Structure formats: C-alpha cells, structure tokens
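> Structure for the following, please:
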Amino acid sequence: MRAPVERRHAPVWWRLTLAATLTAGAGSAIALANVNRFYGAESTVMVPQAIAQDIVNLAVVVPALVATAILALRGSLVARLLLAGLLAFTVYNYVIYTFAIHIGPLFLLWVAVLGLSLYALIATVRTLDLLEVRRRFGAAPVAGVGWCLLVVGVLFAGLWLKEIVPAVLSGSALGSAHELGLPTNPVQVMDLSVFLPAVIWTGYLVRRRHPLALAAAPGALVFLLLTSLPILVTPVVVAARGGSAVWAVTGPVGAIAVLSAVFLVHFVRASTARPGMAGPPGR
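As a prediction, this is how the structure comes out:
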C-alpha cells in the first residue's frame, strides 16, 4: 500500500498576486477596447492619462508581475523584492482608479484589484528574510542607489509643493486638479502622504545599509520607473487621438525613468557579488 502523497498548496502571496494580475489585465484590456464607455465621463485631460495607464498595465506591469512571481516562487530573492515594488505600484495605481475615476461598469473590478494587490503585498513582505537580504546586499556598493532615491524623492515633493502651497495660501483651486475635474489631485496626495516619504526614508537608510531599506530599495526603484512610464506615454496617446500633446515633461520624467532603471540594474547586479556582512545595520 502506497503512502499518501503530500499535496503542496501554492503560497498565499502567489495566489493573491496571480488573482490581482489577471483581474487587472482583464480590466485594462476591457477598458481599452471601449474607451468611450468606461472613460466617457472623465475630463479631456484625464482620458489620455487613463488610456496611457492601461497601456502600461498591459504591456509592462502585468508581464512583469507574472515573471517576478514565477521567479519568486522558484526561490529568487531578487524577484521577490521586485515583486513587492510591482505590487506596491499596483496598490497605488488602483487607489487612483477607485477614487479619481467616475463609478462605472469596471468600478468593482478595480476595487477587487486594489484589495487583492494590497493583501498580496502584505503576504509577500511577510515572507522576506531580512538576514538573507543583508547577507546578499550588506557589502554591495549601494550608496548611489541611496542618493538616487533621496534626490528624486525630494525633487518630486518640491514639484508638488510648488503647486500646492500657493493654492493653499491663496485659497484657490489646484490647476492640475481642475484639469482632471477633481477637487484635489490624488497623485499628489498619495505621493506626499505615502510614497515620497517612504522613498526618501529608504534612500537615507540604504546609505546606512539598514536591512529593511536594502529590501525596500529595489521596490522603490521599480515604483519610480513605473510611475514615470504612463507620464511618458500620455503625450503619445494625446497626439494619437488628434490632440495637442505637451512634450516638455518627457525630458525630466524620462531622465528619472532612466536613472531608476540604471540604479535598479546596478542594485540587482550587486546581489550577485560575493555575499558579505557589513557590520551592524544603521538605525
């Protein structure tokens, strides 16, 4: 008589990630198939941004989520760190979808993606081994990564505050929010309250080789890169739809995307260097 075969169940983070990825991909494909139906109530400025985001979702985010999740399931530490950044971006993205776009046929799907990706992120982060992260990255040359996160985070914060502070002092409406047909700009709110403080703090602690920051740095760089892509695609969408595209922003945003990609590759390559310890982590 044969012994019973032990069944191995896929980990929770994998199942949640797969569900979030498939749901997000389906939503973006459906929206792009009938833009007027799903984004017809949005302002003329919001529509190209939504289209650009859906294009980036389908062309970049969904394939990257699938690839990193498979590699992470096979035991890759780097893939798991990158996956955390992809999931964090998905959470951020679908907060904006659910709060900035008028309710419509895809609303509950977007809510589902938000919940699935949030819990997938939590489950993924819980599996990270900070001792292994420190062993792999503790002696790597990561000062440049830290400075990149610090500088980009501060510049982004300054850019948003340059618009917000005068509006607050004068009691006038935000120009970017008015163009979107919204009372406030959700991107600025998310960036200033959550994303940019995390990026700046991560950059500071990476330079001190703190294990938690070393674990968060790849995700932060992925986040910066992915945040830049829809901004770069939006003028292309505007031009394709016969509008007057504004290309001035592509220069600085493109530079941020390139810097993020370069330092991300540098950081990943650093993980293949000879593992070592670098003394006690900073606090």
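> And the strands in the protein, which stretches?
For the chain, no strands are identified by DSSP state E.
> Check which residues of the lowest-mean-pLDDT helix or strand in the chain are buried.
Of all helical and strand segments in the chain, the minimum by mean pLDDT, DSSP states H and E falls on helix 175-180, at a mean of 82. Residues of helix 175-180 classed as buried: S176, A177, L180 (neighbour count, 16 or more other C-beta atoms under 10 Å). Every C-beta, even on glycine, is put in place using the N, C-alpha and C of the backbone.
> That helix - contacts with which helices or strands?
Under the contact definition 3 or more C-beta pairs under 8 Å, 6 or more residues apart in numbering; DSSP states H and E, helix 175-180 sits against helix 143-170.
> tell me the mean pLDDT over the helix it packs on?
Mean pLDDT, helix 143-170: 90.
> Pull out the buried residues from it.
V145, G146, C148, L149, L150, V152, G153, F156, A157, W160, I164, A167.
> dump the residue contacts of the fourth one.
Right, L149. V199, I200, T202, G203, V206, A217, A220, L221, L224 (C-beta atoms under 8 Å, 6 or more residues apart in numbering).
> cutoff 6 Å now
L149 sits next to V199, T202, G203, A220 when contact means C-beta atoms under 6 Å, 6 or more residues apart in numbering.
> ok, and the most crowded of the residues you listed?
Using other C-beta atoms under 10 Å as the neighbour criterion, A220 leads those with 29 neighbours.
> now that one: how far from T234?
A220 is 23 Å from T234, where distance means C-beta to C-beta, to the nearest Å.
> Point to the residue nearest the middle of the chain.
Central residue of the chain (C-alpha atoms, centre = their mean): F89, 2.4 Å from the mean position.
> Show me where the stretch 51-200 of the chain has its helices.
Ranges of helices in the stretch 51-200 of the chain, per DSSP state H, counting those that start in this stretch, are 62-73, 77-100, 107-126, 130-137, 143-170, 175-180, 186-190, 196-207.
> any idea which of those scores lowest on pLDDT?
Looking at the helices of the stretch 51-200 of the chain, the bottom one is helix 175-180 with a mean of 82.
> roughly how far is that helix from the heart of the chain?
Offset of helix 175-180 from its chain centre (C-alpha atoms, centre = their mean, to the nearest Å): 23 Å.
> got it, and stretch 217-224?
Distance, stretch centre to chain centre, for stretch 217-224: 7 Å (C-alpha atoms, centre = their mean).
> Tell me which residues touch L232, please.
L232 makes contact with T250, V253 under the criterion C-beta under 6 Å, 6+ apart.
> one step back: turn the contacts of L149 into JSON lines, columns for distance to P252.
Formatted as JSON lines, these follow (distance: C-beta to C-beta, whole Å):
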{"residue": "V199", "distance to P252": "16"}
{"residue": "T202", "distance to P252": "21"}
{"residue": "G203", "distance to P252": "18"}
{"residue": "A220", "distance to P252": "19"}
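> what's the farthest-apart pair in those?
Longest distance between any two of those is 7.7 Å, between G203 and A220; criterion C-beta to C-beta.
> could you point out the longest helix in this structure?
For the chain, the helix with the greatest residue count under DSSP state H is helix 211-240.
> residues of it that come out buried?
Neighbour counts over helix 211-240 (16+ other C-beta under 10 Å) mark 211-238 as buried.
> likewise stretch 106-118?
Neighbour counts over stretch 106-118 (16+ other C-beta under 10 Å) mark L106, L109, W110, A112, V113, L114, G115, L116, S117, L118 as buried.
> Those into JSON lines, with extra columns for distance to F99?
Converted to JSON lines, the buried residues of stretch 106-118 look like this (distance: C-beta to C-beta, whole Å):
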{"residue": "L106", "distance to F99": "14"}
{"residue": "L109", "distance to F99": "15"}
{"residue": "W110", "distance to F99": "10"}
{"residue": "A112", "distance to F99": "15"}
{"residue": "V113", "distance to F99": "13"}
{"residue": "L114", "distance to F99": "10"}
{"residue": "G115", "distance to F99": "14"}
{"residue": "L116", "distance to F99": "17"}
{"residue": "S117", "distance to F99": "15"}
{"residue": "L118", "distance to F99": "14"}
